[in-house]
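Asker: Got a predicted structure here, sequence first:
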Amino acid sequence: MKLLQFSTSHYCRKARLALSYKQIAYTVENLTPGLHALRLKPLTGLTTLPVLLPEQDGLPTVIADSTQILRFLQTYQPHPSYELTDPVLQSQAEMLEDWLDESIGVAARFVYYQFRSREGKPLDPSLSSQLVIQVVRWQYGINAIAVDLATKRLDIAITELAHRWKQPYLVGNQFSVADIAAAALLSPLARIPHYRQAYPWLFERIVEVHHCCGEMLPPGLEK
């Protein structure tokens, strides 16, 4: 299998966590923001990543969107499973995943790229890195007003997760798509000192999920 991705994308990290948890061998093709549309449009008609190419007879040619990739992988290789045995709890996990995808992952992106373009610039001041950051900021309309709203959204989300993630798993007593989504989509905050200092428990959970999946830790959490 081949995963088309941005190497720094937290949505692509979500797909990698699932692939690693399922112990499925895969390769990656890293695309360049802005130019990636030339590769994706003929495949999916969209410009969003990740995209999975199963590259096997009898399987779909292409699967776009991280949620659809996780669903495909669960069907393709049921064990080890991140589908909960209780249908009610599975529904809760899917609702959490959707909330994290559509709201919290977007907020994390806005806050992270604002940080990287300002006080976080020394993390990688190279021209190529800063060019990518500006392309992403332009592509998603990241500005001061949007970042302020995103920051407030993240504060509310982390408070909610603090109540749920006191135990090893976000839903019930099994590993689920909610744990994968939370660990991946909040991982960019590991490079922002404010979040590391204010919410140490959050990054402990993110590390635990990465260890559970056998995936490399995100930047800011490497040992």
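Answerer: Received, thanks.
Asker: Now stretch 88-103 - C-alpha only, PDB.
Answerer: Only the C-alpha atoms of stretch 88-103 are listed here, as PDB (Å, rounded to 0.1, in the frame of the first residue of the first chain):
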ATOM      1  CA  VAL A  88     -23.400   2.300  21.300                       C
ATOM      2  CA  LEU A  89     -19.800   2.900  22.300                       C
ATOM      3  CA  GLN A  90     -18.700   2.500  18.700                       C
ATOM      4  CA  SER A  91     -21.100   5.200  17.700                       C
ATOM      5  CA  GLN A  92     -19.700   7.500  20.500                       C
ATOM      6  CA  ALA A  93     -16.200   6.900  19.200                       C
ATOM      7  CA  GLU A  94     -17.200   7.700  15.600                       C
ATOM      8  CA  MET A  95     -18.900  10.900  16.800                       C
ATOM      9  CA  LEU A  96     -15.800  11.900  18.700                       C
ATOM     10  CA  GLU A  97     -13.600  11.200  15.700                       C
ATOM     11  CA  ASP A  98     -15.900  13.400  13.500                       C
ATOM     12  CA  TRP A  99     -15.700  16.200  16.000                       C
ATOM     13  CA  LEU A 100     -12.000  16.000  16.200                       C
ATOM     14  CA  ASP A 101     -11.700  15.800  12.400                       C
ATOM     15  CA  GLU A 102     -14.000  18.700  11.600                       C
ATOM     16  CA  SER A 103     -13.400  21.100  14.400                       C
END
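Asker: How about that stretch, which residues are buried there?
Answerer: By neighbour count on 16 or more other C-beta atoms under 10 Å, the buried set for stretch 88-103 is Leu89, Gln90, Gln92, Ala93, Glu94, Leu96, Glu97, Trp99, Leu100, Asp101, Ser103. The C-beta positions use only the backbone N, C-alpha and C, and glycine is treated the same way.
Asker: Quick check: which element contains the second one?
Answerer: Remark: Gln90 resides in helix 87-99, with elements defined by DSSP states H and E.
Asker: Contacts for that helix, please.
Answerer: 67, 70, 83-84, 170-172, 174, 176-178, 180-182 (C-beta atoms under 8 Å, 6 or more residues apart in numbering).
Asker: hmm, 7 Å instead?
Answerer: Thr67, Glu83, Leu84, Leu170, Val171, Gly172, Ser176, Val177, Ala178, Ala181 (C-beta atoms under 7 Å, 6 or more residues apart in numbering).
Asker: With respect to pLDDT, which of the residues you listed ranks lowest?
Answerer: Lowest in pLDDT among the contacts of helix 87-99 is Gly172, which has 91.
Asker: Leaving out the residues flanking it, which one is nearest to that residue?
Answerer: Leaving aside its sequence neighbours, Gly172 sits nearest to Leu89 (C-beta to C-beta, 6 or more residues apart in numbering; 4.3 Å).
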